[in-house]
Structure formats: structure tokens, C-alpha cells
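Peer 1: just need the structure, nothing else, for what follows:
(4 chains)
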There are 2 protein chains.
Amino acid sequence: MKILFHPDRADIHLSSVLYALSDPIRLYLVDTIYKSGERTCGDIEVPVVKSTVSHHARTLREAGIVHVRMQGTQRFLSIRTEDLEARFPGLLDAILKAHQTSGETIPFTTD
Amino acid sequence: MKILFHPDRADIHLSSVLYALSDPIRLYLVDTIYKSGERTCGDIEVPVVKSTVSHHARTLREAGIVHVRMQGTQRFLSIRTEDLEARFPGLLDAILKAHQTSGETIPFTTD
DNA sequence: TCAATTGTTCGATTATGATAGAACATTCAA
DNA sequence: TTGAATGTTCTATCATAATCGAACAATTGA
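Peer 2: This next block holds a predicted model:
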């Protein structure tokens, strides 16, 4: 069982967080996972192939936004809300609220 | 006198804003301008040449983050705080506060 | 008019990243 | 043990963008 790298709370950088969330697909993933608490990669319908989803999941994990828990062949993603709130108070809330009210969506998904 | 394009409030997109602010130099520019109300491009010391600053200023303008006022040969930049607050309440505050407490800085500047 | 100031634009280079597809790894159930 | 399910990794492609330097444009003052 391979150990996945997760940055320490103190090593979460604002630029990386903003960059990671500036991609519409990643932002959609984060919003969805945030609402449901925990989700697997393949569980969320997005208009890209699984290798691309895997790449996005890695970007989010290395930015310190999501935690990945392995169970069997599945990876359960959850948002590192406590770490993010401690490091950048109010940031995630503001971004997700902005996303929800913006009406921005991703192409070619029925959602 | 050339007219500069500024997106309407409704055309400011979250992804573009987050992307624009994910660059450390642009974030530093925004933070500096925010504090002083209005600044010219060349007025802010950053470790890149002026053509690059110009490029960053354009990115911020086209994302809807800054307004550019022309006066003589100078361009005065200001943050579109009202538009941003109306479109994404609390977002800019959270990002700038995060930036200020993060201690993240840009390379090779005395500042 | 001439030169200095301020900034933009253009061309080139270089790096990064989003994407897809194929091959591979791991786990679990039949 | 075999096969299905779930993801990762590798390779390749394509687009975007950060950067610099040089040329250009506009304004202002001498």
C-alpha cells in the first residue's frame, strides 16, 4: 500500500490553493466533495477521462486541499476543511460561496 | 487615446479571478494597490522588467480585478473593490488577508 | 523640435499543465 | 486463479502563459 504525500498544514501555500481552484473542473470536484463529505474519484461525473481526473485529484492533494484515504481499490477524497480554515480563515467558504452563486458550470455535463 | 477594455461586473468570472491572483507577483501588485488606493505600474518594485509588469497589469485588468485610468503617459491602477464585493462577497478580503498572514513573498525584492 | 518618461506591443524562448490513451498495479469476488 | 473494478503512471500532444529584449507610441517638459 503506497503512502500518499499530503503537505503539512504549514506547507499549504496560498498561490497553490488559488491555482488549484482556478480550474473549473477541480473547483467543481471540490464543491461536490465538500457537500457530500467524502467521495471517490470515479463517483463524480466530469467530462474528462479517468486519467485526467486522477491528475486533478493529485493537484488538489498536493496543494493541500483534499485528503485521500485509500480503501481497497478506491480512493476516498475529502476536503481538508480544518487545515484550510486554520491556515486561511474564511477563504474556502468565500470561494465556494462565490462558485455557488456564480452559476459557472463545466461544459458537457448534465450534472 | 486608446480605450482600455474592462469587463462588466457580470462578466467577471471566478476562475479568471482565482487564476489571476494565483501568481505571486500579481497578488503582490493587488495587495499593494489595495493598500494605497491607486498606483502606477512603474511605481511598484517587482523583480521583473516593465514589459512583464505590463503583461501582468493586463491580466489583472482583463480578469476584472483592477481598473486602469490613463493620465498622460501614466496608468493608474486601482482595485475594483465594489464590483468584486458585489460579485463575490468576502472573496477579495479573504484572499488578501490570507496573503498578508501567510508571509509569502516574492523572490529577489528588498521591499 | 528634441529628448526623457512611461508604458505597450511584438517576437522568441521556455516552462507548465490539461488532456487522452495505453499499459500497469492493486484489490476483491467468483 | 481469473477477471472485473478502480485508479495510477507513462508518453505524447497541444495550448497557454511567464519572461525578456527590442521596437514602438504617446505625452510632457526643456
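Peer 1: check the secondary structure at A:Ile3 for me.
Peer 2: For A:Ile3, the assignment made with DSSP: H, G, I helix; E, B strand; the rest coil gives coil.
Peer 1: how close does it sit to A:Asp83?
Peer 2: For A:Ile3, the distance to A:Asp83 equals 18 Å [CB to CB, to the nearest Å]. For glycine as for every other residue, the C-beta is placed from the backbone atoms N, C-alpha and C.
Peer 1: just A:Arg69 next, same as before
Peer 2: Distance from A:Arg69 to A:Asp83, counting by CB to CB: 15 Å.
Peer 1: and if you look at A:Asp23?
Peer 2: Taken as CB to CB, the span from A:Asp23 to A:Asp83 is 20 Å.
Peer 1: quickly list what A:Gln74 is bridged to.
Peer 2: Beta bridges link A:Gln74 to A:Gln71 when assigned by DSSP bridges.
Peer 1: just confirm it contacts A:Val68, I think it does.
Peer 2: No: contact criterion CB atoms under 8 Å: A:Gln74 and A:Val68 do not qualify, at 10.2 Å.
Peer 1: these two - which one has more neighbours?
Peer 2: For A:Gln74 and A:Val68, the more surrounded residue by other CB atoms under 10 Å in any protein chain shown is A:Val68, and the numbers stand at 17 against 11.
Peer 1: where does that one sit: helix, strand or coil?
Peer 2: A:Val68 ends up strand, using three-state DSSP.
Peer 1: find the nearest non-adjacent residue to A:Arg9, please.
Peer 2: A:Asp83 (4.5 Å; CB to CB, 6 or more residues apart in numbering or on different chains).
Peer 1: returning to what we had before: so for A:Arg69 and A:Asp83, which sits in the more crowded spot?
Peer 2: A:Asp83 (18 against 12).
Peer 1: so where does the more buried one fall, helix or strand?
Peer 2: Element membership of A:Asp83, judged by DSSP states H and E, is helix A:81-87.
Peer 1: what ranges do the helices span in chain A?
Peer 2: Using DSSP state H, the helices of chain A run over A:14-21, A:24-36, A:50-62, A:81-87, A:91-102.
Peer 1: tell me the contacts of the one residue sitting closest to the centre of chain A?
Peer 2: Closest to where the C-alpha atoms of chain A average out (CA atoms, centre = their mean) is A:Val30, at 3.7 Å. A:Val30 sits next to A:Leu21, A:Leu60, A:Ile65, A:Val66, A:Ile79, A:Leu96 when contact means CB atoms under 8 Å, 6 or more residues apart in numbering or on different chains.
Peer 1: now, of the residues you listed, which are buried?
Peer 2: Applying 16 or more other CB atoms under 10 Å in any protein chain shown to these, the neighbour count classes A:Leu21, A:Leu60, A:Ile65, A:Val66, A:Ile79, A:Leu96 as buried.
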